[in-house]
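Enquirer: how does the following fold in three dimensions:
(one chain, ligands or ions: 1)
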Amino acid sequence: MRKAYKFRLSPNKQQEAKLFWTLNRCQELYNAALSERKDAYRMAGKSISYYEQKRDLPEIKEIRPEYHDIHSQVLQDVLLRLKRAFDRFFERVKNGEKPGYPRFQGRHRYDSFTYPQSGFSLEEKHITLSKIGTLRVKVHRKVEGTIKTCTVKHEAGQWYVILCCEVKGSEPLPISYEDVGIDLGITHFAALSNGEFIESPRHYRKAEKKLRKLQEALSRKKRGSHRRKRAVRALAKAHRKVRNQRRDFAHKASSKLVKRYQVLVLEDLQTKNLIKRPQPKQDEATGQYLPNGAAAKGGLNKSISDAGWGMFTDMLHVKAGWAGRTIIGVDPKYTSQICPGCGNVRSKTLQERWHSCECGCELDRDTASAKVILEEGRKQLGAGSVPQMNPPGESVEAPAF
Ligand SMILES: [Zn+2]
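Expert: Down below sits the predicted model:
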């Protein structure tokens, strides 16, 4: 199984210049190789293969000695990319489609180069790239497996390294006897049916706050002004940061859940979004919408969590697949209104944070939802198809659904 890791690089000035230089040489080679294929076909009606072009590399280095300053496999990979572009092209022609002929790549489209086998080595905080140097890299996730390829990519003004790893075995985790219901929310990132919560990390909130501020600042700047351009850049940077943090958090949270639980039950997100969006609040006297009211804030927080949820559930599905876990989606219609103790409907407004029922069931609102979600999932699964037991910390008797 293959797994990819994307880490941010922090090259110094000289290294960055070398990265750009390498990228430009690769782009140049790509276009030259494309041009050669094109000409050969147009003038002689013959196609040139990847292997023929690869054999020409030493000669190219003689004519253009600066190409000695690029790792030879990186250059081979450039030609391989072109070969793949042609393979795709011919494949589509064969299928009777009308594909575009492989195109020359402009500076902005050609934004990466790859070490396909060797020429790189990763340490704790550095990566050494052959012919470029030792660059600082932020390794925010543990790299598992053997690194097969290393791609350096320039994206939105930043440099990244993407490591593709071969993970051995990917054998399913040992079976777990715990199941869990997961209620994704705004107050907590997730409430679990066993009473535990997964909180969004605090720095995440901080970054979101900053994002809001920058957004407001941008809206005050004049169109086309220099300050506006700067504000746009700052906003893009903040967005990137939030996105990266969110991805990182989603990875960690989903891994933890998949490791521990056998059956994971969630609400079907698309429907959930429609149901739980808070109503905009109006001022009772004037009828105007309240500027900084909870509803407005809830709306923004909500949109931010929505994006996080999607990423999180996607990862959960993928990881569950690898690990041999089961994921069940349930209809979110009444999950926040049903009492997990007695099964009766107890309607609550969005503001009510506590679930309290005549049957004696007293729970955090989201924990109650998570319990109902789990029971719904178990119903779908059918009794006895998966070994089950009450998760630890269960304070309420399992309802007799
Ligand atoms: Zn009850």
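Enquirer: low-confidence stretches in this structure?
Expert: Applying pLDDT under 70 to the chain flags residues 1, 169-172, 204, 270-307, 383-401.
Enquirer: which positions in it make contact with the ion?
Expert: The interface of the chain toward the ion, taken as C-beta under 5 Å from the ion, is made up of 339, 341-342, 357, 359, 361. From N, CA and C alone the C-beta is placed, and that goes for glycine too.
Enquirer: what distance do you get for the residue nearest to Q27 when sequence neighbours are not counted to A191?
Expert: With sequence-adjacent residues excluded and distances taken as C-beta to C-beta, 6 or more residues apart in numbering, Q27 is closest to Y110, at 3.9 Å. Distance, Y110 to A191, by C-beta to C-beta, to the nearest Å: 46 Å.
Enquirer: the two: who's more crowded?
Expert: Neighbours were counted for Y110 and for A191 using other C-beta atoms under 10 Å; A191 has more, 26 against 20.
Enquirer: so M43, which of the three states?
Expert: Secondary structure for M43, judged by DSSP: H, G, I helix; E, B strand; the rest coil, is helix.
Enquirer: and for it, the neighbour number?
Expert: Around M43 there are 8 residues (other C-beta under 10 Å).
Enquirer: how close does it get to S35?
Expert: Separation of M43 from S35 (C-beta to C-beta) stands at 12 Å.
Enquirer: helix or strand for the residue nearest in space to the middle of the chain, which one?
Expert: In the chain, the residue lying closest to the centroid (C-alpha atoms, centre = their mean) is R247, at 4.8 Å. Using DSSP states H and E, R247 sits in helix 226-260.
Enquirer: OK, contacts around the closest residue to the residue nearest to the centre of the chain other than its chain neighbours?
Expert: Sequence neighbours aside, M311 is the residue nearest to R247 in space, at 6.3 Å (criterion: C-beta to C-beta, 6+ apart). Counting by C-beta atoms under 8 Å, 6 or more residues apart in numbering, M311 touches 246-247, 250.
Enquirer: relative to P11, how far out is M311?
Expert: 28 Å.
Enquirer: just to revisit the earlier point, now the element after the host helix or strand of the residue nearest to R247, going C-ward?
Expert: Using DSSP H and E, M311 sits in helix 294-323. Scanning forward in sequence from helix 294-323 by DSSP H and E, the next helix or strand is strand 326-330.
Enquirer: skip ahead from that next one and say which helix or strand is next.
Expert: strand 354-356.
Enquirer: go through whichever helix or strand comes after that next one and flag the buried ones.
Expert: Downstream of strand 354-356, the next assigned helix or strand under DSSP H and E is strand 362-364. Using 16 or more other C-beta atoms under 10 Å as the test for burial, strand 362-364 gives 363-364.
Enquirer: same deal with stretch 20-35?
Expert: Within stretch 20-35, the residues scored as buried using 16+ other C-beta under 10 Å are 22-23, 25-27, 29-34.
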